[in-house]
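# just to be clear, the model below is a prediction. Sequence and coordinates:
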Protein chains: 2
Amino acid sequence: MCTEHTGRVAQQAREGTGAGFSRRTALVGGAAAAVTAALTGTARAEDRTPRAPGWGRRGLCDLTHPLTTSLPMFVPTEAPTRRTVVTIEQNGYYQQEWRLVEHTGTHVDAPGHFTAGGRLAPELRIDELVTPAVVIDISSRAADEPDTVVTIDDVRAHERRHGRIPDDAAVLMNSGWGSRFGDPEAYRGADATGTLHFPGFGADTCEWLLERRRIRSLGVDTLSIDPGASTTFDTHLLLTGADRYGLENLAHLDRVPPTGATIVVGLIPFEEGSGGPARVLASW
Amino acid sequence: MCTEHTGRVAQQAREGTGAGFSRRTALVGGAAAAVTAALTGTARAEDRTPRAPGWGRRGLCDLTHPLTTSLPMFVPTEAPTRRTVVTIEQNGYYQQEWRLVEHTGTHVDAPGHFTAGGRLAPELRIDELVTPAVVIDISSRAADEPDTVVTIDDVRAHERRHGRIPDDAAVLMNSGWGSRFGDPEAYRGADATGTLHFPGFGADTCEWLLERRRIRSLGVDTLSIDPGASTTFDTHLLLTGADRYGLENLAHLDRVPPTGATIVVGLIPFEEGSGGPARVLASW
C-alpha cells in the first residue's frame, strides 16, 4: 500500500529537521535532490514551511469526464442511474445513491476484465497507477476515417519526433473523439446495423508496444481501446493477457503534451472489480 | 479543466526540443527549474526520454481503503451492494454492477453535502484536489479516549515541531482508527444507545484552521470529520459553509510524514454529487 524509496526525507520531516536540507544541498545534489526538496518544501534553508505542491506546478489537466446519467455507454442500456436519498431541507444533509456498472465514464479496464484469472481493481499497485504518459495524435486522420487505428508507423513517427517511449508508460490515443463525449450518438458512431465506428489501437500496435516498449497501459478518448467496429476485441485480449490495464473515455488529451507528462490514475478499488471509474489527472 | 502555468515546457515537448533544456540550465535555474526538468524528463541534455515520474519518487502511499460490501458505514443500512452482470465464460468479459451512496468508503464530502447551495463534486477544481498535506497524530490519546478531538493545542504543538501549516493544506487526523477499518463494530464504536464513539476534529479547531491557516480540507481516518458522538455536526457545517471539503475513512495515515507530503484526491466527479468515493494518494 505504501512505498518509500528512502526513509530520509520522511524521517527528517518527522523530526522536523528537513529545513537543514539547504538550497545548496539541493543544487549540488543535482536535479533529483532538488525535486525531493521542492516536493517536500525544503528547498530553502530559511523556510521550514512546505510549498505549493511540485506536482502540477507547470501544467495540470483533468483527463476525466463528469460521470452523468446521460453519458455515452458501450452498451446504452447500462447507463448509470441516480436518486436523491436525503436532502438538507429534510435530513440536514444531502446525498445521492448511484447504480452503475464498473465500465462507466472515464474508467480502468483491469486485466481480469477480459482475461480469466487476471488481476482485479484492488490488485493494481499504486506504482502502476502513477506513470509517465505519451499522447499519440491521430486526430486529423480520424476526422475523416472513424475506423482508423493507431498503427506501429504512428508510434514510430511519434518516437522520431518526441523520443523513445519510456518503460512503464501509459500510451494514450488522441483521436479528437473527446470533444464528442457530450453527444453520445456522435461518440458511438453506430451505423444502421448497430456497428460502432470510432478509433482505437490496432492489435499489432498493442503487441509491438508490449514487446518492444514494456508499456504499463493503453488509453483512449473513445469507448474502447479496440476500434468500435471490432468484434474480436483483440487489443483488449492482448493487453489484459499481458497483465496490463486499459483507460477508456479519457478527456482533454488534446491539452496534454505528446511526452513528458505524468498521470495519476485514481481508480476506485472496487472489491473484485473488473476495473472501475477513475479520476485521471495529468501533470507536466 | 486544465491549468498551464507557463506554456514553455509543453511547447518544448510538442516541438521535441525539450532536450535543449540542459542539466546546466536546470541547476543554474534553481530548484523550481530542476523540478520541471525532472518531471518532464528533460534534466539531462543527452537524454530525450522522459524519466520515471517525479511524483512519488521518495514515498508513495495509498490513503484509500478497498471499497467492499462489508465496510463500515455511518448508516449501516446504506452499505453498498454488487452483482456480477457478465462473465468471461458466458459473455467474453467480466463486469460487476454497484449500488452505492456517495459517502461510501474513502470519500469526499463536497461543500453541498451539508451547505445548501454549496459546490458539488464536479465543481471542485483540480487545483483544489492536489494539495499539501499535514498529519496530526492523536493516536496515543485516542487509544484511551475514543471521544477525543483534534484540539487547537494539538495543532499548535504540531506547528512547533514541524513548522507552520501551509496555505491550501489538507489537515489530516491520524487517530489510529485506520487499523480498525476491517472490523466495522470496533470502527463505529456504537454503544448500547446507538451513539457512535470515534475521534474527529473539534469545531473550534476547524474554525481556527479556516481563519488562521486558510486550509483546503480536513481529513480523518474515521467515519466523520465530527467526532462520532456529535449530533450537531458543527465541524461539517463550518467546513462546508466555508466552501471547503472533507475527506473521510482515509487509510494508512500512520505512514505519511507529519508535513511535506502532497496528496492527490481522485474524486469521481458524480453529476450533482454531494461528494463521492475517491482514490487518495500521498507522495513525498
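Everything's here; your move.

# closest point of chain A to chain B, which residue?
A:G266 (1.9 Å; CB to the nearest CB). Yep, even glycine has a C-beta here, placed from its N, CA and C like the rest.

# name the element the residue of chain A most remote from its centre belongs to?
Outermost residue of chain A with respect to the C-alpha centroid, by CA atoms, centre = their mean, is A:Q90; its distance is 39.0 Å. If you go by DSSP states H and E, A:Q90 is part of helix A:88-91.

# so the residue of chain A closest to chain B belongs to a strand, correct?
Yes - A:G266: assigned to a strand according to DSSP: H, G, I helix; E, B strand; the rest coil.

# burial count for the closest residue to it other than its chain neighbours?
Spatial nearest neighbour of A:G266, chain neighbours left out: B:G266 (1.9 Å); criterion: CB to CB, 6 or more residues apart in numbering or on different chains. Burial of B:G266 is recorded as 26 neighbouring residues (other CB atoms under 10 Å in any protein chain shown).

# shouldn't B:G266 be in contact with B:L281?
Yes - if you go by CB atoms under 8 Å, B:G266 and B:L281 touch, sitting 7.2 Å apart.

# got any residues that touch both of the two?
By CB atoms under 8 Å, 6 or more residues apart in numbering or on different chains, B:G266 and B:L281 have these common neighbours: A:V264, A:G266.

# residue contacts, A:T232?
For A:T232, no contacting residues are found, by CB under 8 Å, 6+ apart.

# quick check: pLDDT value at it.
Among the per-residue scores, A:T232 shows a pLDDT of 98.

# equivalent analysis for A:A157, please.
98.

# what helix or strand does it sit in?
For A:A157, the host element (DSSP H and E) is helix A:152-162.

# and that helix, what does it pack onto?
Where contact means 3 or more CB pairs under 8 Å, 6 or more residues apart in numbering or on different chains; DSSP states H and E, helix A:152-162 is packed against strand A:130-137, helix A:203-213.

# would the last one count as contacting chain B?
No - Helix A:203-213 stays clear of chain B (CB under 8 Å from any CB of the partner chain), getting no nearer than 10.9 Å.

# what does that helix rub up against?
Around helix A:203-213, the neighbours that count as contacts under CB under 8 Å, 6+ apart are A:149-152, A:154-155, A:164-165, A:167, A:169, A:171, A:215, A:218, A:225-226, A:234-235, A:238-239, A:242, A:244.

# out of those residues, list just those in strands.
Using DSSP state E, A:V149, A:V150, A:V171, A:L218 are the members of the contacts of helix A:203-213 that sit in strands.

# okay if I get those as a markdown table plus neighbour count, distance to B:L71 and pLDDT?
Output for the ones in strands among the contacts of helix A:203-213, formatted as a markdown table (neighbours: other CB atoms under 10 Å in any protein chain shown; distance: CB to CB, whole Å; pLDDT from 0 to 100):
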| residue | neighbour count | distance to B:L71 | pLDDT |
| --- | --- | --- | --- |
| A:V149 | 24 | 41 | 98 |
| A:V150 | 30 | 39 | 99 |
| A:V171 | 25 | 34 | 99 |
| A:L218 | 29 | 31 | 99 |
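
# report the two of those residues separated the most.
A:V149 and A:V171 (12.9 Å; CB to CB).

# ok, the residue nearest to A:H65 when sequence neighbours are not counted to B:P80 distance?
Using CB to CB, 6+ apart and skipping the chain neighbours, the partner closest in space to A:H65 is A:A251 (4.7 Å). Counting by CB to CB, to the nearest Å, the gap from A:A251 to B:P80 is 26 Å.

# so, low pLDDT: which residues of chain A?
A:1, A:4-57 (pLDDT under 70).

# show me how it divides into domains.
Domain ranges of chain A: A:8-40, A:62-283, per automatic domain parsing.

# indicate which one of these is closest to B:E145.
Closest approach to B:E145 among the domains of chain A is made by domain A:8-40 (23.6 Å; CB to CB).

# before we move on, back to that, quick one: which of the ones in strands among the contacts of helix A:203-213 is nearest B:G260?
Lowest distance from B:G260 to these (CB to CB) belongs to A:V171, with 32.4 Å.

# tell me which helix or strand A:V85 sits in.
Going by DSSP H and E, A:V85 is part of strand A:81-86.

# for stretch A:61-80, buried residues please.
Counting neighbours by 16 or more other CB atoms under 10 Å in any protein chain shown, one finds that the buried residues in stretch A:61-80 are A:61-68, A:71-74, A:78-80.

# and the helices in chain A?
Taking DSSP state H, the helices of chain A run over residues A:8-15, A:23-28, A:30-40, A:88-91, A:126-129, A:139-144, A:152-162, A:184-188, A:203-213, A:234-241.

# hmm, the fourth one in reach of chain B?
Yes - for helix A:88-91 and chain B, the contact criterion (CB under 8 Å from any CB) is met by A:I88, A:E89.

# can you give me the buried ones in that helix?
Neighbour-count burial for helix A:88-91 flags A:I88 (criterion: 16+ other CB under 10 Å).

# with only the CA atoms kept, save that helix in CSV.
Taking C-alpha atoms only, helix A:88-91 is exported to CSV below (Å, rounded to 0.1, in the frame of the first residue of the first chain):
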residue,chain,number,x,y,z
ILE,A,88,-30.6,19.3,3.6
GLU,A,89,-34.1,20.5,4.0
GLN,A,90,-35.5,17.3,5.3
ASN,A,91,-32.5,15.5,6.8
